[in-house]
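Peer 1: no sequence on this one, just coordinates:
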């Protein structure tokens, strides 16, 4: 047999060995798990966050009121089971923040039980307890037990399903594992990757054991569980084709800096070192865990059946590869399943370094794991304390906006995606994504002040601050972008795409015609331009400038930087509070034409009244 079929620990390093337990020892085991669950639940409850720090949390909060994938409430693939669970919590708690955070506090505490039962398949009883405590002390696992993301709840159900499915010799546990896996995928559909190889292998093992009937029943239970949430999800999306298109569009817009993106900036060794450091909050602790994990894999391959190692790898490796190659390096919540596996190997390596030596197994090995856990807690506690005591930067900005701006007079512009966060927190304000500025939107902005809110790159500010407390990681991760509130005088139309030119903000024409909108302040102004053509744009291509439909200037683009200066007279119609500056070019290839590197407005002396003209 590959695994013990009872919910109990192996007393021998060989996971194939079946063990027995008395009723008294079972009661003692569950009493111990209950005590550990309560201790973890208390620690989590003391520090849960009081405001949303990150965009995805707000998207889940929006889904509590209106589940709509087309407006990213939440974003595709949808997380339907997580939204359903948190809606139940919202019914009782009457708060978006409390509903989402309580769900993760609860499942993050309950994670004790499946983690222990997973570990005790491969570790001695004492080592399984230490490994479980060590995993719950991990900074990333603790932090995300205090937030509104789906990752922690999904982690509980994935580990639960694996703890059950690895005991596949019991039909009852196999069936429960299939149902649990279907729930886990409904909470976080990306986690279907855990079953991509594992589930077919498991079904093949059942068939090979002449248990085809149980295999079919398990497969039907999995299919039924998935259908229970997938069918309503597809219906809400308007059908299978629209749902697939939503997935495709979201994937096209997602460019996470995994190794495939960062391989030109850092070597694989540096990338792995950074990954481990971010998992543990310390490059020293990360390096120690990396070394212990490698040691554990080697010792596991020596002492345990190779089939046990292979089954662990086919289960966790697909997700680990996705995380390594494609997912965001600086979002370590994606690494939580890998942390569970690596901790298993690390503790295995510690305890089995000198097996059958009582002084090592009973004293030295536990002390080593205990010191590692204390070091991890030293990084975790300041972060969760910060989450609990302080309001997030977006919420502080929202409060500032409410105190200082008037929704009747002031409009808010933001980067793409930022409107989802702002519309949740500031529904009374007119909010316009910068890339959607056009004549239709300008009609709504008529007579209003324009304020641009620069939000930080999605990611927990507290998490980044916590990592940046480490000198080595500060050099790796770099500073976090601050939130800014800026009063705007110029808006760039949707035909212009933001780009970086020599470290400065610039806007590149995506169409032969583009528009800029300039605030009319009731007095003359000077407009100065700097424009550069793309290398493939011929110097003979024509460019023209129009202001409010009247031609200001035209001519060939030429080579190098093109500089223009115009004067701008105030509008006679006081109800029209902006000017429209139109750029046209005869070069028709999108994205390879002109780039505006500077557009500045300066007020003139009120006496110097003049119509718009070329200088």
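Peer 2: Noted; the coordinates are in hand. What you are looking at is a predicted structure, and each value in this text was computed from that prediction instead of being measured.
Peer 1: For the rest of this, base every contact and every neighbour count on C-alpha atoms.
Peer 2: OK.
Peer 1: Could you report the neighbour count for residue 286?
Peer 2: 21 (other Cα atoms under 10 Å).
Peer 1: That one sits in which helix or strand?
Peer 2: Secondary structure from DSSP states H and E places residue 286 in helix 283-303.
Peer 1: Relative to the whole chain's centre, how far out is that helix?
Peer 2: Offset of helix 283-303 from its chain centre (Cα atoms, centre = their mean, to the nearest Å): 27 Å.
Peer 1: So which elements touch that helix?
Peer 2: The contact analysis (3 or more Cα pairs under 8 Å, 6 or more residues apart in numbering; DSSP states H and E) places helix 283-303 against helix 268-280, helix 336-351, helix 365-389.
Peer 1: That helix: which residues count as buried?
Peer 2: Buried residues in helix 283-303, counted by 16 or more other Cα atoms under 10 Å: 283, 285-287, 289-290, 292-293, 295-297, 299-300.
Peer 1: Tell me if I'm right that residue 195 and residue 317 touch.
Peer 2: No: the criterion here is Cα atoms under 8 Å, and residue 195 misses it with residue 317 at 10.7 Å.
Peer 1: Now the element after the host helix or strand of residue 551, going C-ward?
Peer 2: Element membership for residue 551 (DSSP H and E) is strand 550-556. Next along the chain after strand 550-556, taking DSSP H and E as the criterion, comes strand 562-568.
Peer 1: any idea of the mean pLDDT for that next one?
Peer 2: Across strand 562-568, the average pLDDT comes to 86.
Peer 1: Which neighbouring elements make contact with the helix or strand that that strand is followed by?
Peer 2: For strand 562-568, the following helix or strand on the C-terminal side (DSSP H and E) is strand 578-585. Using 3+ Cα pairs under 8 Å, 6+ apart as the contact test, the elements touching strand 578-585 are strand 513-519, strand 542-547.
Peer 1: Which of the ones you listed has the highest mean neighbour count?
Peer 2: Of all the helices and strands packed on strand 578-585, strand 513-519 has the most neighbours on average by mean count of other Cα atoms under 10 Å, namely a mean of 21.
Peer 1: average model confidence for it?
Peer 2: Across strand 513-519, the average pLDDT comes to 92.
Peer 1: what angle separates that strand from strand 578-585?
Peer 2: Between strand 513-519 and strand 578-585, the angle comes out at 160 degrees (axes from the mean of the first three to the mean of the last three Cα atoms, to 10 degrees).
Peer 1: Tell me which of the helices and strands packed on helix 283-303 lies nearest to residue 517.
Peer 2: Using Cα to Cα as the measure, helix 365-389 is the one of the helices and strands packed on helix 283-303 that comes nearest residue 517, at 40.4 Å.
Peer 1: ok so, going back, between residue 195 and residue 317, tell me which one has more neighbours.
Peer 2: residue 195 (22 against 18).
Peer 1: Quick check: the gap between the more buried one and residue 170.
Peer 2: 19 Å (Cα to Cα, to the nearest Å).
Peer 1: Residue 225 now?
Peer 2: For residue 225, the distance to residue 170 - Cα to Cα - is 20 Å.
Peer 1: what does residue 120 give?
Peer 2: Applying Cα to Cα to residue 120 and residue 170 gives a distance of 17 Å.
Peer 1: Please apply the same query to residue 88.
Peer 2: Distance from residue 88 to residue 170, counting by Cα to Cα: 32 Å.
Peer 1: Can you give me every residue that contacts the residue nearest to residue 431 when sequence neighbours are not counted?
Peer 2: Of all residues not flanking residue 431 in the chain, residue 412 sits nearest, at 4.8 Å (Cα to Cα, 6 or more residues apart in numbering). Counting by Cα atoms under 8 Å, 6 or more residues apart in numbering, residue 412 touches 429-432, 450-453.
Peer 1: Tell me the secondary structure at residue 412.
Peer 2: strand (DSSP: H, G, I helix; E, B strand; the rest coil).
Peer 1: Numbering from 8 from now on, please.
Peer 2: Happy to do that; since the first residue is 8 now, the last one works out to residue 419.
Peer 1: And whatever helix or strand residue 449 lives in, what's buried?
Peer 2: For residue 449, the element it lies in under DSSP H and E is helix 446-452. Residues of helix 446-452 classed as buried by neighbour count (16+ other Cα under 10 Å): 449, 452.
Peer 1: Counting neighbours, go ahead and name the busier of residue 127 and residue 177.
Peer 2: residue 127 (26 against 16).
Peer 1: sorry, back to before: buried subset of the contacts of residue 419 as a PyMOL selection?
Peer 2: Buried members of the contacts of residue 419 can be picked out in PyMOL with the line below, counting by 16+ other Cα under 10 Å:
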select buried, resi 436+437+438+439+457+458+459+460
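Peer 1: For the contacts of residue 419, could you give me CSV that also reports distance to residue 495?
Peer 2: Listed next are the contacts of residue 419 as CSV, based on distance: Cα to Cα, whole Å:
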residue, distance to residue 495
436, 16
437, 15
438, 14
439, 13
457, 5
458, 6
459, 7
460, 10
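Peer 1: ok, the contacts of residue 419 vs residue 60, which is closest?
Peer 2: Closest to residue 60, out of all of these and judged by Cα to Cα, is residue 460, at 15.9 Å.
Peer 1: Three-state assignment for the closest one, please.
Peer 2: Quick answer, by three-state DSSP: residue 460 is strand.
Peer 1: Which helix or strand lies directly C-terminal to the one helix or strand residue 94 maps to?
Peer 2: Here residue 94 sits within helix 87-100, counting by DSSP H and E. Under the assignment DSSP H and E, the closest C-terminal helix or strand after helix 87-100 is helix 103-117.
Peer 1: the inter-axis angle of that following helix versus helix 87-100?
Peer 2: Using the same axes, to 10 degrees: helix 103-117 against helix 87-100 is 110 degrees.
Peer 1: At the geometric centre of the chain, which residue do we find?
Peer 2: Against the mean C-alpha coordinate of the chain, by Cα atoms, centre = their mean, the closest residue is residue 338 at 6.0 Å.
Peer 1: Next one: that one from residue 156, what distance?
Peer 2: As judged by Cα to Cα, residue 338 and residue 156 stand 12 Å apart.
Peer 1: so how far is residue 143 from the residue lying closest to residue 357 once chain neighbours are set aside?
Peer 2: Of all residues not flanking residue 357 in the chain, residue 372 sits nearest, at 5.8 Å (Cα to Cα, 6+ apart). According to Cα to Cα, residue 372 and residue 143 sit 18 Å apart.
Peer 1: same check, this time on residue 400
Peer 2: From residue 400 across to residue 143, the span is 27 Å (Cα to Cα).
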